[in-house]
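**Student:** A structural model of the following input is requested.
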Amino acid sequence: MKRRDALTAIGGALAYAGGYQPAVAQAPPLKIGIVLSYSGGDNVALGKQFDAAVAVYMKQHGDTVAGRKVQLIKRDDGGIAPDTAARLMQELIVQDKVDVVLGSIYTPNTIAMARVSTQAKKPFFNVNAATSNIVKNAPYVTRYGFTTAAAVTPFARWAYFQGIKTCHVMYQDYGPGIDAGNAFVKSFEASGGKITDVSKIPVSNPDFSAYIQRVKDTQPQGVYIFLNATGGGIQLLKALKTAGIGSGANSKIKLLASGDIVDEPILQQEGDAALGVISNFNYSAAHPSKVNQEFVRLFHRQYGGNQDPDFIAVQGYDALHAIYESVRRNNGDTSNPDKILEVVKTLRWESPRGPVWMNPQTRILMQNIYIRRTERRNGKLENIEFAKIDFPRDPNEEPGATS
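**Tutor:** Predicted structure coming up:
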């Protein structure tokens with residue numbers, strides 16, 4: 001009996017050594033909740049941009065982080081709907097028990113979701129929303145877009161020193177638009193320029209004729225426009241071209257704009273009306289770097305056709321990178337939100353938009369802002385960078401900051 005017991009023990013040991021180990025508990029999935037605008041007019045294109053960019057990142061870097069399989073749980077807020085966005089985020093946290101939340105395009109939604117993030121102590125990686133100070137009192141929110149004031153302040157100064165001494169300002173009357181209009185006026189006048197008029201456009205405005213007439217009446221040397229990527233840029237640019245206003249050789253009024261108005265998803269539809277527009281933005285699909293060229297190549301394959309990525313795509317791509325890195329450097333542990341934020345605040349990397357780093361004080365991604373001219377190259381409209389503003393800071397977020 002003793003011999004039989006000994007043989008049984010030896011056999012068990014050999015079986016264990018041969019691969020018949022007891023089952024080991026598998027690491028739980030890394031649940032990333034996504035709240036984004038996927039429906040409602042132009043939001044469909046923005047949602048597709050975001051999804052394609054996320055897919056590209058996961059193809060490049062895998063679908064597992066620190067031993068945890070990545071699980072994306074998506075929700076559609078339908079556009080500017082802060083109550084809906086907040087409710088969806090709460091459901092993701094309470095019912096789906098997500099580890100982090102990614103998303104939000106619009107400022108009102110971001111503000112509402114930031115409140116939920118603060119209450120739940122849940123890391124929220126904000127893809128977009130350009131209004132200043134909206135994450136200032138939300139300690140678990142980091143922003144991967146830019147603030148309008150940081151981008152516009154140096155652009156207005158640049159315009160003045162390029163010889164544009166008088167300017168009409170036209171902007172959508174909501175958070176980012178108000179920031180853009182105020183920043184341009186303040187910076188342009190401080191540089192020595194004169195603002196001939198200011199036009200505030202309602203967000204849902206379908207007709208731009210009255211605003212264009214005001215530009216013609218005041219006859220400035222330039223007109224600065226802020227119109228978000230879903231705000232009717234195609235119609236406005238075509239109406240401006242018909243009125244003889246633009247950056248073409250025959251126009252006396254130069255057209256300056258935030259890059260939203262010549263966003264890649266709508267750029268080809270704008271046709272010749274977009275030619276010569278001088279814009280400022282944090283990304284162009286034509287950005288001449290190897291990292292971006294590879295990103296664009298893979299994006300085309302993922303999205304289908306020749307649709308170029310835009311700012312939403314690259315911001316979503318970079319936000320996902322920050323999630324991957326924060327989880328990886330914490331060895332897969334997402335139980336402590338403060339440790340996630342500690343890592344995020346130290347991150348620096350080469351993005352398709354250029355070098356970026358997280359500002360640990362403001363929790364806004366620092367990046368270059370590029371001045372571009374819309375040109376037709378090889379039969380295709382592109383936003384060609386010709387000047388660069390290095391890592392501008394937002395004077396609203398950091399009083400005394402200069403850009």
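**Student:** what's the strand or helix carrying F50 in contact with?
**Tutor:** F50 belongs to helix 43-61 when assigned by DSSP states H and E. Helix 43-61 has contacts (CB atoms under 8 Å, 6 or more residues apart in numbering) with 36-39, 70, 72, 76, 78-79, 103, 105, 127, 229-230, 265-266, 295, 298-299, 302-303, 309-310, 312-314, 316-317, 320-321, 324. The way it works is simple: take the backbone N, C-alpha and C, and place the C-beta from them, glycine included.
**Student:** buried ones in that helix?
**Tutor:** For helix 43-61, a neighbour-count test (16 or more other CB atoms under 10 Å) marks 43, 45-58 as buried.
**Student:** ok, of these, which one's closest to V141?
**Tutor:** The closest of the buried residues of helix 43-61 to V141 turns out to be F50 (CB to CB; 17.8 Å).
**Student:** neighbours around the residue lying closest to K345 once chain neighbours are set aside, how many?
**Tutor:** Excluding its sequence neighbours, the residue lying closest to K345 (CB to CB, 6 or more residues apart in numbering) is P360, at 3.9 Å. When neighbours are counted by other CB atoms under 10 Å, P360 registers 13.
**Student:** Distance check, P360 against A322.
**Tutor:** Remark: distance between P360 and A322 (CB to CB, to the nearest Å) = 13 Å.
**Student:** quick one on the thing from earlier: so which of the contacts of helix 43-61 belong to strands?
**Tutor:** L36, V70, L72, D76, G103 (DSSP state E).
**Student:** Could you list the low-pLDDT ranges of this structure?
**Tutor:** For the chain, the stretches with pLDDT under 70 are 1-25, 229, 247-250, 400-403.
**Student:** Using the record, which stretches count as separate domains in it?
**Tutor:** Using automatic domain parsing, the domain ranges for the chain come out as 30-146+289-366, 149-281+369-389.
**Student:** would E398 count as being in a helix?
**Tutor:** No: looking at E398 with DSSP: H, G, I helix; E, B strand; the rest coil, it is coil, so not inside a helix.
**Student:** List phi and psi for it.
**Tutor:** The phi and psi values for E398, taken as degrees, to the nearest 10, are phi -130, psi 90.
**Student:** Grab the nearest non-local neighbour of it.
**Tutor:** The shortest distance from E398 to any residue other than its chain neighbours is 6.7 Å, reached at T362 (CB to CB, 6+ apart).
**Student:** was I right about the one you found contacting N396?
**Tutor:** No: assessed by CB atoms under 8 Å, T362 is found out of contact with N396, at 10.2 Å.
**Student:** so what's the closest residue to A120 other than its chain neighbours up against?
**Tutor:** The shortest distance from A120 to any non-neighbouring residue, by CB to CB, 6+ apart, is to I93 (5.2 Å). I93 makes contacts with G33, V101, V116, A120, K122, as judged by CB under 8 Å, 6+ apart.
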